[in-house]
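Asker: Starting from these lines, generate the structure:
(chains A and B)
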Amino acid sequence: MKPQPSNNDEAAILRSARHDLNLFAPLYERYVDRIYAYCLRRVNSASDAEDLTSLIFTRAMNGIHDYRGGSVAAWLFRIAHNTVVNHYRDKKPQLPLPDDVDEAFESTLIDDLLSAEEQRTAIRLVSTLPPESQNLIWLRVNGLNSSEIGEVVGKSAGAVRTELYRLFKNLRAQFVRELER
Amino acid sequence: MTQLIEQYIDSLLRDPHAAPPEEMDAGTAAFVRAMVAAGTTKPTAIVRARIWQQALNNAKMKNGMQNHVIALPHSTNGHHHSLSALPAQQPSVSSRFRGILTLAAACALVLFGILLLTMARIPADTQNLTGAEQSSGSPTPTETATPLATSTPVPMATVVAPDAAIEQVIEYTIRPGDTLLGIIQSLPFSFSDPHIVDKIIALNPTVNISQLTPGETILIPVPTPAPTLVPTLPGTRLPSNLAAIMNDLQSLSGEADAGRVSFEAMACSACHDNEAISTLTEMLWQSAEDIIRRLPQFSGYTVEMYLVESIIHPSAYVVPGYANLMPDSYRENLTLQQLADLIAYMRSFAQPARTPTSTPISATDIPIVVTSDELLTATEIIARATETAVEEMLQLTATQLIQEATREAAVAGSPTPTAVPAEVTTYTIQSGDTLLDIALRFDTTLPILAELNPQLDFTNCDFTRLSGGSNCTVLLRVGDTLIVPEHHEGQPIITTSTPIPSHNATVTPIPTATPA
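Answerer: Below you'll find the predicted structure:
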């Protein structure tokens, strides 16, 4: 329904926000859901995700002069990625216990229970992968294309595409097997 | 295969109900759907607002712009609450406001009745309602509530998450000439909340509310459930069952424009214009189509039938991801013709090609007339309310420090210093109260209320947050008594003051509320 904003719009917003941080708001509105969702999957805790998202946007606004053109999404998610990596470094690794799926599905309808079960399965399968692979997947699921992901993690778009191909293929196979059980 | 997967991911990101590509097998489609659903959990509106507030404040702090944004007040005489702070030389507005408040109190009582009805969830409630109300056109709360309350042995428990009170927000786009007071008065529900100005300011930390810029969007909290504004018309009650309604509807033709007017008048758009709360107005038809196609329980339904059922029995099926917010009272207030019009209005969105001129008028288009008097008053309110907000922030930090100290002292084995105020009083829980509301009203915080009321069960609460965090749940029961700090300004709150002898004073045990 909403018109897809072009990267030019976003770069313009960033330029204007250099003079007044309040003008960063439209960009925040556009990205907060995706950044939050990405953080939530990386750290599996709603309160950590909230803190990290706020930290990420703080850094984005503080680093607004560091934006050197290119994809704004990639620029923001690179900040997000670095922030999450630092978070891991500072904090002892936590058991990946997703705490949001159950909340979202308080319904008792069979349909929803199944869907929640499928989501839990997906999260569990991805969480068995090395962090770098998890990163690629959650970046992709939050709408970044291969070349943007490449910018975030410092790889070529081709390398990202190949890696994603392999990951999706394996995950899909495991997922279908698990659900048949 | 992975190309298909990526293609499906992108279409799901555009539309969560998108159908998978034809060549894709069911297992893979389920896999992609699960991945995207799991990987794109959105924050709630209040979390979104909180994150922005924090990020912007931190960023400005670093950029040295802090003083420009928040001028710290040096007020010593307690807190000004928005409404008591109205200056005396503006009698016209303040008396009007008082009138509105009285109206709001009445409205709140009616709401309580509706709430009881919704919570009792008696299967045969249609008959009950018809029986209870046949005497009068507009039921008083007692008339509505009493028959159900006596017929249910279940204790009436109000389950309140502090966040839930302000979780439902609508976005309002500022139009030229808008003032905060004008906006508040124009919205059908916002004046029922005496803290509305504080809440709006808290929700919109980045907005300079005394100088609203046209085109800017502000968040406005919405009480739950949104009140129904259409008066009951005696003699036009809907048939009691869905099949009978559908049958009667066949003889009527709905008018989309009239439907739009009803949609606005009943404040449907308050929720349906915000996709964080509910299905968007323009998506209602398509979403219904999708649901009856997907879910076996709706086989045999037409889209009209599904929509009618959603209006008259909103809790029959709640779309996953949304809370069961819609009031259960529409079937008492709607006429068949209005129902037909509403359906026609929703159907008008079914055609993908819409002319821009037929865009629905949203809640934000309510005309607002503002006089310069009001402008002044609004500015006045805002100046005071900003002080309050900042003071609350400072107070929270102080409480955190005290809490920290308390915890450390407890570890060290020394006697516990306490943040509990010396003077306390009692407060009787009213319907619709949340703990956050109560805390705000008595200028206190959740940790202090927790300290004073050991009988309260704080589940998953994070006391470092003003709101207790998004998972915070506290069971409150209407009519129960809470110990609260003495309110300094002597606002008219029905209380009896009792000095508390010591921190460990025994509080009369209050039975724990059981969820209904």
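Asker: any idea which helix or strand of the chain has the worst average confidence?
Answerer: This is for chain A. helix A:101-104 (a mean of 48; mean pLDDT, DSSP states H and E).
Asker: To clarify, I was referring to chain B.
Answerer: Ranked by mean pLDDT, DSSP H and E, the weakest helix or strand in chain B is strand B:158-160, scoring a mean of 32.
Asker: Point out where the stretch 1-150 of chain B drops to low pLDDT.
Answerer: Low-confidence segments of the stretch 1-150 of chain B, defined by pLDDT under 70: B:1, B:63-150.
Asker: Go ahead and list the helix or strand containing the most centrally placed residue in chain A.
Answerer: What sits nearest the mean C-alpha location of chain A, by CA atoms, centre = their mean, is residue A:38, with 2.4 Å. Using DSSP states H and E, residue A:38 sits within helix A:25-43.
Asker: tell me which strands and helices that helix is in contact with?
Answerer: helix A:7-17, helix A:46-62, helix A:72-90, helix A:131-141, helix B:26-39, helix B:45-63 (3 or more CB pairs under 8 Å, 6 or more residues apart in numbering or on different chains; DSSP states H and E). In this view, the C-beta of every residue, glycine as well, is placed from N, C-alpha and C.
Asker: and it, how far out from the chain's middle?
Answerer: Averaging C-alpha positions (CA atoms, centre = their mean, to the nearest Å) puts helix A:25-43 7 Å from its chain's average.
Asker: Please verify my assumption that residue B:285 contacts residue B:346.
Answerer: Yes - between residue B:285 and residue B:346 there is a contact under CB atoms under 8 Å: 4.7 Å.
Asker: got any residues that touch both of the two?
Answerer: Common neighbours of residue B:285 and residue B:346 (criterion: CB atoms under 8 Å, 6 or more residues apart in numbering or on different chains): residue B:307.
Asker: who has more neighbours, the two?
Answerer: A direct count of neighbours by other CB atoms under 10 Å in any protein chain shown for residue B:285 and residue B:346 places residue B:346 higher, at 28 against 22.
Asker: a helix runs through that one, doesn't it?
Answerer: Yes - the assignment for residue B:346 by DSSP: H, G, I helix; E, B strand; the rest coil puts it in a helix.
Asker: Read off the pLDDT value for it.
Answerer: The model reports residue B:346 with a pLDDT of 89.
Asker: what sits against it?
Answerer: Residues in contact with residue B:346 (CB under 8 Å, 6+ apart) are B:259, B:281, B:284-285, B:288, B:307.
Asker: For residue A:58, state which of the residues you listed is nearest.
Answerer: The closest of the contacts of residue B:346 to residue A:58 turns out to be residue B:281 (CB to CB; 35.1 Å).
Asker: how deep is the residue nearest to that closest one when sequence neighbours are not counted tucked in, by neighbour count?
Answerer: Once flanking residues are discounted, residue B:281 sits nearest to residue B:272: 4.4 Å by CB to CB, 6 or more residues apart in numbering or on different chains. Neighbourhood size, residue B:272 [other CB under 10 Å]: 23.
Asker: which residue does the stretch 251-400 of chain B bring closest to chain A?
Answerer: For the stretch 251-400 of chain B, the residue closest to chain A is residue B:320, as judged by CB to the nearest CB, at 4.6 Å.
Asker: for chain A, which spans come out with low pLDDT?
Answerer: Scanning chain A residue by residue, the ranges that satisfy pLDDT under 70 are A:1-6, A:91-113.
Asker: Residue B:298 reaches residue B:290, doesn't it?
Answerer: No - at 10.4 Å, residue B:298 does not count as touching residue B:290 under the criterion of CB under 8 Å.
Asker: For residue B:250, the count of nearby residues, please.
Answerer: Neighbour tally, residue B:250, other CB under 10 Å: 9.
Asker: quick one: it and chain A, what's the gap?
Answerer: Separation of residue B:250 from chain A (CB to the nearest CB, to the nearest Å) stands at 30 Å.
Asker: how about the nearest residue to residue B:280, chain neighbours excluded?
Answerer: Per CB to CB, 6+ apart, closest to residue B:280 is residue B:272, 6.3 Å.
Asker: Need the per-residue pLDDT for the one you found.
Answerer: Turning to residue B:272, the model gives it a pLDDT of 80.
Asker: got it, and the one 4 residues further on?
Answerer: The predicted structure scores residue B:276 at 68 on the pLDDT scale.
Asker: Mind giving me the packing neighbours of the helix or strand hosting residue A:123?
Answerer: In the assignment (DSSP H and E), residue A:123 maps to helix A:110-127. Helix A:110-127 sits against helix A:101-104, helix A:131-141, helix A:157-180, helix B:26-39, with contacts defined as 3+ CB pairs under 8 Å, 6+ apart.
Asker: so who does the closest residue to residue A:14 other than its chain neighbours touch?
Answerer: For residue A:14, ignoring the flanking residues on the chain, the nearest one in space by CB to CB, 6+ apart is residue A:67 at 5.4 Å. Listed by CB under 8 Å, 6+ apart, the contact partners of residue A:67 are A:11, A:14, A:75.
Asker: re the thing from before, what's the farthest-apart pair in the contacts of residue B:346?
Answerer: The distance between the two most remote of these (CB to CB) is 14.9 Å, for B:259 and B:288.
Asker: Contact partners for residue B:29?
Answerer: For residue B:29, the contacting residues are B:8, B:20, by CB under 8 Å, 6+ apart.
Asker: Isn't the residue nearest to the centre of chain A up against residue A:139?
Answerer: Yes - with contact defined as CB under 8 Å, residue A:38 counts as touching residue A:139 (6.8 Å).
Asker: Which neighbours do the two have in common?
Answerer: Applying CB under 8 Å, 6+ apart, one finds that residue A:38 and residue A:139 are jointly contacted by residue A:77.
Asker: what kind of secondary structure is residue B:213 in?
Answerer: Following three-state DSSP, residue B:213 is assigned to coil.
Asker: Identify the residue nearest it in space, chain neighbours excluded?
Answerer: Nearest to residue B:213 is residue B:174, by CB to CB, 6+ apart, at 6.2 Å.
Asker: Could I get the contacting residues of that neighbour?
Answerer: Listed by CB under 8 Å, 6+ apart, the contact set of residue B:174 reads B:212-218.
Asker: Whichever of these end up buried, select them in PyMOL.
Answerer: In PyMOL syntax, the buried subset of the contacts of residue B:174 is picked out as below (16 or more other CB atoms under 10 Å in any protein chain shown):
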select buried, chain B and resi 212+216+218
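Asker: Save the contacts of residue B:174 as CSV, and put in pLDDT too.
Answerer: Output for those, formatted as CSV (pLDDT from 0 to 100):
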residue, pLDDT
B:212, 77
B:213, 78
B:214, 79
B:215, 80
B:216, 80
B:217, 81
B:218, 81
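Asker: quick check, nearest of the contacts of residue B:174 to residue B:428?
Answerer: Among the contacts of residue B:174, and counting by CB to CB, the member closest to residue B:428 is residue B:218, at 33.6 Å.
Asker: Would you check that the closest one makes contact with residue B:175?
Answerer: No - with contact defined as CB under 8 Å, residue B:218 does not reach residue B:175; the gap is 11.6 Å.
Asker: Torsion angles phi and psi at residue B:483?
Answerer: The phi/psi pair for residue B:483 (degrees, to the nearest 10) reads phi -90, psi 130.
Asker: make that residue B:207, sorry
Answerer: The phi/psi pair for residue B:207 (degrees, to the nearest 10) reads phi -90, psi 130.
Asker: That one and chain A: what is the separation?
Answerer: 8 Å.
Asker: show me the contacts for residue A:69.
Answerer: Taking CB under 8 Å, 6+ apart as the criterion, residue A:69 is in contact with residue A:11.
Asker: in which helix or strand would I find it?
Answerer: Going by DSSP H and E, residue A:69 is not in any helix or strand.
Asker: Tell me, how many residues neighbour residue 17?
Answerer: By default, I'm working from chain A. 20.
Asker: I was after chain B.
Answerer: 15.
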